[in-house]
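**Q** Need a 3D model of the following:
(2 chains)
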Amino acid sequence: MNRTVWTLVRKELSEALRDRKVLLMSIVVPVAIYPLMMGVTNSMEKKETAKTQAEVADVVLTGNVDLLLPRVEADSTLALGVVTVPPDSLRSMVEAGELDAWLDAPDGLGRAADGEVATVSLYYDQTESVSRDARRRLEAILRDVRDEQRELRYEAAGGDGRLDALVVSGDADIATESEATGAEAGRMLVYVLLMMLFMSGANFSGEQVAGEKERGTLETLFLIPAPRHDIARAKVIFVSFGTVLTALLSLASLVFTYQQGWASQTGEAFSFDALSLVFITLLVIPLAVLVGSILLAISTVARTLKEAQSYLLPAMLVVFVPAIMSLSQGIELKGIIALIPVANVAFAMRDLLAGRVDVTAQITVVLATLVWAGLLVRYVGNLLSREEMVLGFDPEPFLARTPSGRMRALQVGMVATTVAYFYAGNLLQTWDLQKGLLLSLWALLPVLGIAVYRVAHHRGAFLETLSLRLPPATAWLAALCFGVGLLLPMMNGVARLQSRVLPMPEDAMAGLDVLQDLATWKLLFLVALSPAIWEEFVFRGIFLGMLRKLVSVRNAILISSAFFALIHLSVFRFVPTFLLGVVMATLVWRSRSLLPAVLLHFVYNGSLVVGSRIVDGLGVTMPLDGAVAWTVSVALLAVGALLVRGLNPMAQHE
Amino acid sequence: MSEVLIRTEGLTKTYPDHNDGGEIRAAHDVSFECAAGEVFGLLGLNGAGKTTTLRMLSTALTPSSGTAMVNGHDVRSAPRDVRASIGFLSGTTGLYHRLTAREMISYFGELHGMEADHLKSRVDSIIDLFGIDKYSNTRCEKLSTGMKQKVNIARTVVHDPPVLILDEPTSGLDVLAATTTLDFVKGYRDQGKCVLFSTHIMSEAERLCDRIAIIHEGSIRATGTLEDLRSSTGLHYLEDIFRQVVTEPVA
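**A** Next up is the predicted model:
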């Protein structure tokens, strides 16, 4: 940390420590909330229990209940009912509250062989206290039976038998999953924590940028001889200090509350194991930094404190809603979920508390959280560097009709196109591969492309942007050379090279097999001609054309090709598609025409179709790896490159 | 002539106009020089481009075109050196509420990279100079407007900058607080510093400025000493001179 950053942080800390509101929200509340919350819940539950203990629960037993029956009958809080209805309807009776619990014991109960497990089903309603109580009583009886059986067997085996669980009780909670989960205070840890982080952090962050704008201290601060990113860094460090402090205090308070037994009705002390605690702390610290950065970003975007406060609730909602997903046990922490900011921590925490530790997933979550926080800090630094901060109005709104505004609009448009095309295309193709392909290429893709063209306020005629004009003859020839010449290197070279780094899963290509039954001309139309027309229209036409007005030719080619590669099926084909994109974009640039690229694309895809047909039809193996094939390919590429070199991108070919 | 510490040439700031896709000129082709030991006044109505010009000099805004040098540093290529050379104060500058007057002053000294020993003695002497020792340990939120202004000025010059830029520093102040400010400006000039001062108050400009530039609708319409302006317009009072200059059609 350099001296300026340290000076800034120190000053903010000493100001914050003089603020009673900050002390209350960041220190007192996090420390007091768990003992209070759990203490109150507990004392209320105790009262409730005392009340329900006087109530007798109606239970029924089915199956092999010989071992249990005497004990249940002996329990005065359980009234054993007689089963007069088919067992199927017992469940709905529990749901309807006509019955408090139903226990179904398997035949194997008490007779299970060594090492086997007999599973008992216990139906009850988590939301009803009488039902919960019945469950508790029945489980206690099951445990007693188990212990008794163990002892008996141990003796029978001459003190040498296995002591594995012979009888194990399982239960099925009838209340919906979220109701059941809601009852478990521990699982709510992350939500209570998030709430506190926002509350506490808002006190730290509000005074920062929005507050400084209001008080007129921001412009003065900008006049210190230090870069604005240093100011952003100092502010993030300060706000994160507050959120991390809050997080650690509330975590300590939680652990203490459990250890003191305040969290359980019976006053039973519960200790977290050290490893989980370490993991939870490792998760909580980056989360606190991320929340700090979110709050600072809000404070920077807002013009006044009031505006910042009005953004707080929506921001919390945006953060909470995905995090709530973690309440559903069915959704696992993997794939994209591990990357969703904040929500991923909720999932990781849920798994940790449930004793499921997937180290890779947990580390991914920590790293993703740090990356998000880092991006936000950069964003805040960039925002602070903008003139808007001093002027109080934005001289250049995000989608302004200026070159940089158009560039931003184009970037957003390209990202949106990629995401929309990828997901909507996948959806369409899952529904019906043929029609889906047709729809995505002939409708979805052009509509998206034209929408981007409209939104980005592009200057210049549409056809001019598309480079829709006749190219010189040599460009056609070059397209042919590349279309054929690229096949082998792509299929056997680049793709294979990449598969070492990132092997393609089998099912990524499986879908296309369905198309093998189509007539050759149909297949050519579907996977060669249609993509050649519409992908070129959007990527080499609209995107490349617009990019060329905004960035250098080289960057325009690279950016458009990167999006072209991203949109293609999966990351597994990124490198070959990207290279193909670069070749086609270069061809469009040099020939000043889109048409050769369409030809190249068609020849390339078409050769794949025809090639596979020949292999299938004749049962011959194409000599794709032979020295002759490689020589021909390299020669074709060389000729193509020379032809492209000969093209003059400035010349008028019409 | 003493050393020129501020020099602008063709300084221009435009914003895109979102209504018609054109441009709004906040400052246009502003050129002037300001030397050490001089108070140079930018006189103009609200919205004339004074603040924009000063903000370009303070590096808070980047010029759309033109150049500006402050203490030998280019605002575009060496903004940090420029910021190290200036003290900037405007009428809307605030203080940190929960810092004391002394903390406020030394905080900015520290941010300007002053060493601890030097800073301590400098803060002591500046507190003495502005007569704020009685309330130097009072939190800024509890100070009166006049006291706040003194702390603000002290904060502005704690690092002893060769150039002082003041953007309507007396706006919102009562007579006494305003007088304190103006007296300070004179004193600072007499120490051989360069002071650039913007105002829309004619009497302030008349009393304080060695040279005056009349700025209107983003561009400078006239520059010179009060005498120069009087002889070129044939008018005596600055108010009349101003009115004539801004209503003249632009050549």
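
**Q** Which positions in the stretch 151-251 of chain B make contact with chain A?
**A** By the rule CB under 8 Å from any CB of the partner chain, the part of the stretch 151-251 of chain B lying against chain A is B:R155. Any C-beta I mention is one placed from the backbone N, CA and C, and that applies to glycine too.

**Q** how about 7 Å then?
**A** Counting by CB under 7 Å from any CB of the partner chain, the stretch 151-251 of chain B comes close to chain A at no residue.

**Q** Point out where the stretch 151-251 of chain B drops to low pLDDT.
**A** Regions of the stretch 151-251 of chain B meeting the criterion pLDDT under 70 cover residues B:250-251.

**Q** For it, just list every one of the strands.
**A** According to DSSP state E, counting those that start in this stretch, the stretch 151-251 of chain B carries its strands in the segments B:163-167, B:194-199, B:211-216, B:219-224.

**Q** show me the contacts for A:R137.
**A** Applying CB atoms under 7 Å, 6 or more residues apart in numbering or on different chains, we find A:R137 in contact with A:D75, A:T77, A:L78.

**Q** Quick check: phi and psi on the last one?
**A** Listed backbone geometry of A:L78 is phi -110, psi 130, with angles given as degrees, to the nearest 10.

**Q** same question, the second one
**A** Taking degrees, to the nearest 10, you get phi -90, psi -10 for the backbone angles of A:T77.

**Q** What of B:L61?
**A** In this entry, B:L61 is assigned phi and psi values of phi -120, psi 150 (degrees, to the nearest 10).

**Q** Nearest spatial neighbour of it, chain-adjacent residues omitted?
**A** With sequence-adjacent residues excluded and distances taken as CB to CB, 6 or more residues apart in numbering or on different chains, B:L61 is closest to B:R55, at 4.4 Å.

**Q** May I ask which helix or strand encompasses that neighbour?
**A** In this structure, B:R55 sits in helix B:50-57 according to DSSP states H and E.

**Q** what would the strands of the stretch 151-251 of chain B look like in JSON lines with distance to A:L295 and mean neighbour count?
**A** Output for the strands of the stretch 151-251 of chain B, formatted as JSON lines (distance: least, CB to CB, whole Å; neighbours: other CB atoms under 10 Å in any protein chain shown):
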{"stretch": "strand B:163-167", "distance to A:L295": "31", "mean neighbour count": "25"}
{"stretch": "strand B:194-199", "distance to A:L295": "36", "mean neighbour count": "26"}
{"stretch": "strand B:211-216", "distance to A:L295": "41", "mean neighbour count": "23"}
{"stretch": "strand B:219-224", "distance to A:L295": "43", "mean neighbour count": "18"}
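
**Q** follow-up on the earlier one: next, count neighbours for the residue nearest to B:L61.
**A** Here the neighbour count serves as a burial measure; for B:R55 (other CB atoms under 10 Å in any protein chain shown) it reads 26.

**Q** again with A:M490
**A** 20.

**Q** ok, back up a step: nearest to A:G211, of the contacts of A:R137?
**A** In terms of CB to CB, no member of those lies closer to A:G211 than A:T77, at 59.2 Å.

**Q** Let me know the distance separating the closest one from A:V390.
**A** Computed as CB to CB, to the nearest Å, the A:T77 to A:V390 distance reads 72 Å.

**Q** got it, and B:L164?
**A** Shown here: B:L164 relative to A:V390, a distance of 19 Å by CB to CB.

**Q** on that earlier part again, next, the buried residues of the next helix or strand after the helix holding B:R55.
**A** Secondary structure here is assigned by DSSP H and E; on that basis, the next helix or strand after helix B:50-57 toward the C-terminus is strand B:65-70. Residues of strand B:65-70 classed as buried under the neighbour-count rule (16 or more other CB atoms under 10 Å in any protein chain shown) are B:G66, B:A68, B:M69, B:V70.

**Q** wait, isn't the third one in contact with B:L5?
**A** This points to B:M69. No. Under the criterion of CB atoms under 7 Å, B:M69 makes no contact with B:L5, lying 8.6 Å away.

**Q** what residues are up against residue 196?
**A** All of this is about chain A. Shown in contact with A:M196 (CB under 7 Å, 6+ apart): A:V29, A:P30, A:I33, A:T246, A:S250.

**Q** nope, chain B please
**A** With contacts defined as CB under 7 Å, 6+ apart, the neighbours of B:L196 are B:I6, B:C34, B:F40, B:L54, B:I165.

**Q** if I pick the last one, what's in contact with it?
**A** For B:I165, the contacting residues are B:L54, B:L57, B:S58, B:I86, B:F88, B:L196, by CB under 7 Å, 6+ apart.

**Q** ok so, going back, top of the contacts of A:R137 by number of neighbours, please.
**A** In terms of neighbours by other CB under 10 Å, these top out with A:L78 at 22 neighbours.

**Q** And the residue of the stretch 151-251 of chain B closest to chain A?
**A** Chain A sits closest to B:R155 of the stretch 151-251 of chain B, with a gap of 7.6 Å, by CB to the nearest CB.

**Q** Assign the residue lying closest to that residue once chain neighbours are set aside to helix, strand or coil.
**A** Spatially, and ignoring its direct neighbours in sequence, B:R155 is nearest to B:F108 (4.9 Å; CB to CB, 6+ apart). At B:F108, secondary structure determined by DSSP: H, G, I helix; E, B strand; the rest coil is helix.

**Q** now, the most widely separated pair of the contacts of A:M196?
**A** Pairwise distances among the contacts of A:M196 were taken by CB to CB; the largest, 10.3 Å, belongs to A:I33 and A:T246.

**Q** These two: which is more packed in?
**A** Each of A:I33 and A:T246 has its neighbours counted (other CB under 10 Å); A:T246 has more, 29 against 19.

**Q** what ranges of the stretch 251-400 of chain A fall below the confidence cut-off?
**A** Per-residue confidence of the stretch 251-400 of chain A (counting by pLDDT under 70) places the weak regions at A:263-271, A:329, A:355, A:392-400.

**Q** where's the closest residue to A:W630 other than its chain neighbours relative to chain B, distance?
**A** Of all residues not flanking A:W630 in the chain, A:L488 sits nearest, at 6.4 Å (CB to CB, 6+ apart). When CB to the nearest CB, to the nearest Å is the yardstick, A:L488 and chain B sit 51 Å from each other.

**Q** A:V452 contacts A:V415, doesn't it?
**A** No. With the criterion set as CB under 7 Å, A:V452 and A:V415 do not qualify as a contacting pair; they are 10.0 Å apart.

**Q** Could you check which of the two has the larger neighbour count?
**A** Between A:V452 and A:V415, A:V452 has the larger neighbour count (other CB under 10 Å), namely 23 against 13.

**Q** Ramachandran coordinates for that one?
**A** Dihedral angles for A:V452 - degrees, to the nearest 10 - are phi -60, psi -40.

**Q** what about the closest residue to it other than its chain neighbours, how many neighbours?
**A** Closest residue to A:V452 in three dimensions, ignoring its sequence neighbours and counting by CB to CB, 6+ apart: A:G413, at 3.3 Å. Around A:G413 sit 22 other residues, with neighbours defined as other CB under 10 Å.

**Q** give me the element A:G413 is part of.
**A** helix A:403-431.

**Q** A:L283 versus A:N555, what's the distance?
**A** Going from A:N555 to A:L283 by CB to CB gives 39 Å.

**Q** On the strand side of things, show who the residue nearest the centre of chain B bridges to.
**A** Geometric centre of chain B, nearest residue: B:L166, 2.0 Å, by CA atoms, centre = their mean. On DSSP bridges, the residues paired with B:L166 through beta bridges are B:L89, B:F197.
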